Each structure stands twice: as structure tokens, then as C-alpha cells.
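Engineer: Here is my input; please provide its structure:
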Amino acid sequence: MTTYLGEARSRPAVGTPATWARFLLGFLILWAVLAGTSAHDPTARWGPAILAAVVAASLGVSRGLYRLSPREAVQALGLGRPARRSLAVAAVISVLVLLVWPTTALLTGASIPLRPDWPVVLVGILTLHGLAEELVWRGFVFRLLARGRSFWPAVCWSMPLIAVTHLPIVVTSGPAIGFGAMLVAAITSIALSRLYVMGGGTLWAPALLHTAIDSFKLVVLPAAAPAVYPFLIIGFSLVVPLLVLLVPPARRAATHQPTQPDSAHRRSS
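Structural biologist: As a prediction, this is how the structure comes out:
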């Protein structure tokens, strides 16, 4: 039997108390860097700087906790060449997600203009929500949990972490928005993880879809929109990305394989 990467199934890389402790420590470090640097940047303008900080932290965790070589640590980031098929699928689904805006305009009867500085904000969304967050969730969390596991168990193991890290939204935006955000984050991890796999363990396809999901930062909402917008964006973000599950798997497994942390651990033991 094989895992989703086509390799022989082995003991999970994260399964024993020691490996769970190391995994959670690495996750907490990366999440602290991501959350700490983005806490005062609601518009994502500082996305490139935040991405640089997360990349540096990820390289440090890969080297310090998993003793990966510099080349293996860079490979583990997931910034290599993706499969073009994954980008095409992500682009189509992203366009469908963006239909939330004409739908909102149609239901409210109001225009929804772009922010004057939308190009700068778009770069920030792509680098912060797209690449930096995907590096943590797919490039670290899912990559490690998927070693020795098939796709669905790896996704299910990642969901509680994703949900817990969105708890502060319950406090800042209220229970309805907060729990909706937690649900969206957990459910969309299915589609984003699938795109990560389709891309051969790279972040570009999930980053594209993640950017579309967070496109609300690009627009100026009219007064009439807030009554329906939260429900529309949650609905579109929950349902549309799951269309990726309808895409049949490629005939051949991706040639790029994420670095195996369990093999690095064996070298260090």
C-alpha cells in the first residue's frame, strides 16, 4: 500500500509522543512568528516582510528541530516549480470564488469598488495569506502529518490546529463571524491540501486559491453589504473550493517530493 505521494507507506513521521512534541514545538514557533508579525497589519500591506520572517523561521525550524541540510530545508518550503495542472485548477476555482462579489452587488443593489491601493494590498494578500500562511499550514503542518499517512487522515489531523488558531476571531468579531471563520478555515484545508498534493508538494496553487478567499481586503463594502456579505463569503468559501475534489488525480504521481523529516530524524538519532 502507498501514501498519496506514491511512496511506500511507513510509520507516520508524527505519531509517537516525541515526534508530536517536536512537531507541536515547530508549529508553535512558526505560528508565533506568523501571528505576531501580522497582528497589527489588518490590510496585509506588510505581507512581503511577514513572508520573509516566516521563511526564515521555517528554515530555522527545519534545521534546528529536524536537522535538515540547507538544501533539504529550502526544498521543504514548497516554493519549487509546481505542476501546471494544479495552477490551472486553482485558477478556475479562484475565479468561481470571486463570483461572491457580483453576487453581493446583485443582492444588495450596490456597487462594490476596489480600494484605491488595491495593487499593493493584492501583493500583500498573496504573500501573507497566500504564501506565508500556506507555508505554515501546508508546507509544515500537512507535509509532516502526511508522512506515513494517506490524504484524509492527514487533513483531519490538521483541522483542530487550524480551528484553534482562529479562536481569537470569535472575540474580536463575535461568535457568528468567528465560528464561521473557524469552519471555513477547517473545511478549506481539504481543498488547499489537495492542491498542494496536485502541485507536487508546492505552495503556489493553494496560495492562489487562498488569495481569492481573502479577496475581501481588496474592496470597499457599501453600507448595504454587511447584512448579507458575511454569509455569502462564508458560503462561497466553504462550498466552491471543494470542487477540487471533483478533479480526477493525475495519471502519474508528481515527481517533486516534499522533504522527508522522518529520514532526517533517523540520521540525527
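Engineer: longest helix anywhere in the chain?
Structural biologist: Looking across the chain with DSSP state H, the single longest helix is helix 175-198.
Engineer: same for it, what does it pack against?
Structural biologist: Applying 3 or more CB pairs under 8 Å, 6 or more residues apart in numbering; DSSP states H and E, one finds that helix 175-198 contacts helix 84-98, helix 151-165, helix 167-173, helix 204-213, helix 229-239. Bear in mind the C-beta positions are built from the backbone N, C-alpha and C, glycine included.
Engineer: and the first one, how far out from the chain's middle?
Structural biologist: Taking CA atoms, centre = their mean, to the nearest Å, one finds the center of helix 84-98 at 15 Å from the center of the full chain.
Engineer: Which strands or helices does whichever helix or strand comes after it pack on?
Structural biologist: For helix 84-98, the succeeding helix or strand toward the C-terminus, using DSSP states H and E, is helix 100-108. Here helix 100-108 touches helix 229-239, going by 3+ CB pairs under 8 Å, 6+ apart.
Engineer: in the helix it packs on, what's buried?
Structural biologist: By neighbour count on 16 or more other CB atoms under 10 Å, the buried set for helix 229-239 is 229-230, 232-234, 236-238.
Engineer: tell me which of those is nearest to residue 204?
Structural biologist: Of all those, residue 237 has the smallest distance to residue 204: 19.6 Å, by CB to CB.
Engineer: Return the per-residue confidence for that closest one.
Structural biologist: On pLDDT, residue 237 comes in at 88.
Engineer: Kindly report the same for the one 4 residues further on.
Structural biologist: Residue-level confidence at residue 241 comes out at 95, pLDDT.
Engineer: Counting neighbours, what do you get for it?
Structural biologist: Residues near residue 241, counting by other CB atoms under 10 Å, number 28.
Engineer: give me every residue that touches it.
Structural biologist: Contact analysis of residue 241 by CB atoms under 8 Å, 6 or more residues apart in numbering lists 93, 97, 187-188, 190-192, 209, 213.
Engineer: Please repeat the previous calculation with a cut-off of 10 Å.
Structural biologist: By CB atoms under 10 Å, 6 or more residues apart in numbering, the contact set of residue 241 is 90, 93-94, 96-97, 184, 187-192, 194-195, 206, 209-210, 212-213.
Engineer: OK, contacts around the residue nearest to it when sequence neighbours are not counted?
Structural biologist: By the measure of CB to CB, 6 or more residues apart in numbering, the closest residue to residue 241 outside its immediate chain neighbours is residue 191, 3.6 Å from it. Contact analysis of residue 191 by CB under 10 Å, 6+ apart lists 89-90, 93, 155, 205-206, 209-210, 213, 237-238, 240-245.
Engineer: Neighbours of residue 218, how many?
Structural biologist: Around residue 218 there are 22 residues (other CB under 10 Å).
Engineer: Sorry, wrong one. I was asking about residue 74.
Structural biologist: By other CB under 10 Å, 17 other residues sit near residue 74.
Engineer: Hmm, it is touching residue 56, no?
Structural biologist: No: applying CB atoms under 10 Å, one finds residue 74 not in contact with residue 56, separated by 11.9 Å.
Engineer: which residues of the stretch 51-200 of the chain score low on pLDDT?
Structural biologist: By pLDDT under 70, the weakly predicted segments of the stretch 51-200 of the chain are 177.
Engineer: now do 90
Structural biologist: The model of the stretch 51-200 of the chain has pLDDT under 90 over residues 75, 101, 103-113, 159-186.
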